[in-house]
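**Student:** Quick one, structure for this:
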Amino acid sequence: MNTSSQLKKTIGMPQAVALYVSAVLGSGVLIVPGLAAELAGPASLLAWGGMVLLILPLALSMGLLSARYPDAGGVSHFVTLAFGQRAGTIIGWFFLMSVPIGAPVAALTGAGYMTAALGLGEHIRILIAAIMLASGLIINIVGMQVAGKVQIGVVIAIVAVLVMAFVLALPNMDSIHYTPFMPHGWVSIGQAGAILFWCFIGWEAVSHLSEEFTDPRKAAITGVTIAAIIVGVLYFLTALATVGTQSYLHGGADVSLVWIISQPLGIWGAWIAGLTGIFICTATVIAYAGAASRVGYALARQGAAPRLMAHLSKRFHTPVAAIGFLGICFILVLSVYASGIVSLTTLIQLPNATFILTYLGGCAAGIRLLKGSRTGVTISWISFVATAIVFPFTGWAVLYPLLIVILYGLFSRKQPSKI
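**Tutor:** Residues are numbered from 1 along each chain as shown. Okay, here's the model as predicted:
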C-alpha cells in the first residue's frame, strides 16, 4: 500500500491520553452522578468505588491489544485475528453504526446542559448540537494531529472545571446528607452500578486510532493507564460532590452539576456549567467520530463496506468519505429528533447493545490473543465477565444489533468474493 493510501502516524502519548479521557469522560459525568444518587442515595458512592476499581482492567484490556495489534480496525481487527473475518466485520459494523446515534445523543446532552443553565429553548439546543457535531467532523478531516492537540486543551479545561466544581461544593457538603446511607436497600446499589457501567466504556473507541500512534506500546499502555486514573478520580469526585451537596435533589438529577457551580457563582456559574457540558460532549464527539471513520475506512479497505469509504483526503490523509457518511447520519438523526418522532431517552437506548457487544468482542479477543501474558488474559476475563453481566440490562435495544446483522447478511450476499 503506498503512502497516499495510508493513515499518518501523528498521535503521541499526550494526544492519546486526551483522546482516551474524552472518549470515556463523556456525557456520563454530567448526568449519571445525579441519576445514581437518585437511585441509591449516598450508597451510590459504593457503586462508584467498585467501578473505579474496575476501570483499570477495562482500560488495559483494550490498551494491551492496541499496543500489540495497532490497526484502524481496532476491536474489529482484534476479533478478526481471534475469531475470523466474518466475526470481525460484524463487530466493526456494530461500532460503526453505534456512533451515528451515540454522537448526536452526546451533542444533544451537552447542548441541553447549556440550554438548561441559561433557560434557552429546544430549537437552540438542536442548533448548538449541530454545531458541535460539525466541529467534530471538521477537526477529524484536518487530521488526528490537530484533533489530538485540540483534545489536550479541551481535556485540561474539563479537568480544571470539574476540580473547581468539587472545591466549590465543599462548603455545601454536610455529613447529614450522607444519612440515611442506604435509603433504598442493597439492590439499589446494583441498579446504580448497572447505570455507572455505561460511564466506563469507551476505551475500545481509541483502539481504532491505534494505527496512527507514533509509539503504539507507550501510547496504548502507559497512556491508557494515566487516562484511567484521571477518569476514575474525576468521576468519584463529581459523585462525592453530588451526594454531599444533595444537588440531585435541588437542581434535578440530570443537571446536578449546574446547581453545584451556579449556587456560589450565579449566572457566571451557569455559563461555566453550560460551556463545560459543551466542551465535554464535543470532545466525546471528536473521539468517536474519529474512531468510527477509521472503522469505516478499515472495513472498506478489506471489502466489507462500500469501497468509497476507503477514500482518503489527498491533503490530510484522513478518511473523508467515511467522515462524510457520518455527517449524513448525524443530519438524519438530528432531523428525526427535531421532528419529535423519537425522544432523547429512546435514542440513548438504541446504541447501548451495539457498544456493549463491541466491547464484549474485544474482551473475548483479548482472552485468546493475549495468551502469552497472564496479566493480559486475567484482565480480559475480568472485563468480559463484567460486561456480560451488564448486557441483559440493554433490554429491547438488542433489536438494533440484530438489524445490523440482517443488513450485513444482505450486503455480504451481494459481494461474496470480498467477504
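**Student:** What ranges does the chain have for its strands?
**Tutor:** Secondary structure of the chain (DSSP state E): no strands present.
**Student:** Where does the prediction get shaky in the stretch 151-300 of the chain?
**Tutor:** Counting by pLDDT under 70, the ranges of the stretch 151-300 of the chain that qualify are 198, 251-254.
**Student:** Kindly report the same for the stretch 1-150 of the chain.
**Tutor:** For the stretch 1-150 of the chain, the ranges with pLDDT under 70 are 1-6.
**Student:** mind listing the helices for it?
**Tutor:** Applying DSSP state H, counting those that start in this stretch to the stretch 1-150 of the chain gives helices spanning 13-24, 28-40, 44-68, 75-83, 85-96, 99-118, 122-142, 144-169.
**Student:** Then the stretch 251-400 of the chain?
**Tutor:** 256-301, 320-339, 344-349, 352-369, 374-390, 399-414.
**Student:** just so I know, which of those lies nearest residue 80?
**Tutor:** Ranking the helices of the stretch 251-400 of the chain by proximity to residue 80 (CB to CB) places helix 352-369 first, at 8.5 Å. C-beta: built from backbone N, CA, C; applies to glycine.
**Student:** ok, and for the closest one, which residues are buried?
**Tutor:** 352-367, 369 (16 or more other CB atoms under 10 Å).
**Student:** what about that helix, average pLDDT?
**Tutor:** The average pLDDT for helix 352-369 rounds to 92.
**Student:** Output that helix as CSV, nothing but the C-alphas.
**Tutor:** Extracted C-alpha coordinates of helix 352-369, given in CSV (Å, rounded to 0.1, in the frame of the first residue of the first chain):
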residue,chain,number,x,y,z
ASN,A,352,-26.3,0.6,24.1
ALA,A,353,-26.4,-3.0,22.9
THR,A,354,-24.0,-2.5,20.0
PHE,A,355,-21.5,-0.7,22.2
ILE,A,356,-21.6,-3.5,24.7
LEU,A,357,-21.3,-6.2,22.1
THR,A,358,-18.3,-4.4,20.6
TYR,A,359,-16.6,-4.3,24.0
LEU,A,360,-17.5,-8.0,24.6
GLY,A,361,-16.0,-8.9,21.3
GLY,A,362,-12.8,-7.1,22.2
CYS,A,363,-12.5,-8.7,25.6
ALA,A,364,-13.1,-12.2,24.1
ALA,A,365,-10.4,-11.5,21.5
GLY,A,366,-8.1,-10.4,24.4
ILE,A,367,-8.6,-13.7,26.1
ARG,A,368,-7.4,-15.5,23.0
LEU,A,369,-4.8,-13.1,21.6
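**Student:** So which elements touch it?
**Tutor:** helix 44-68, helix 75-83, helix 85-96, helix 203-207, helix 374-390, helix 399-414 (3 or more CB pairs under 8 Å, 6 or more residues apart in numbering; DSSP states H and E).
**Student:** Identify all contacting residues around that helix.
**Tutor:** Identification of contacts with helix 352-369 by CB atoms under 8 Å, 6 or more residues apart in numbering yields 61-62, 64-65, 68-69, 75, 78-79, 81-83, 87, 91, 94-95, 97-98, 102, 198, 201, 204, 207, 376-377, 379-381, 383-384, 387-388, 390-391, 394, 397-398, 400-401, 404.
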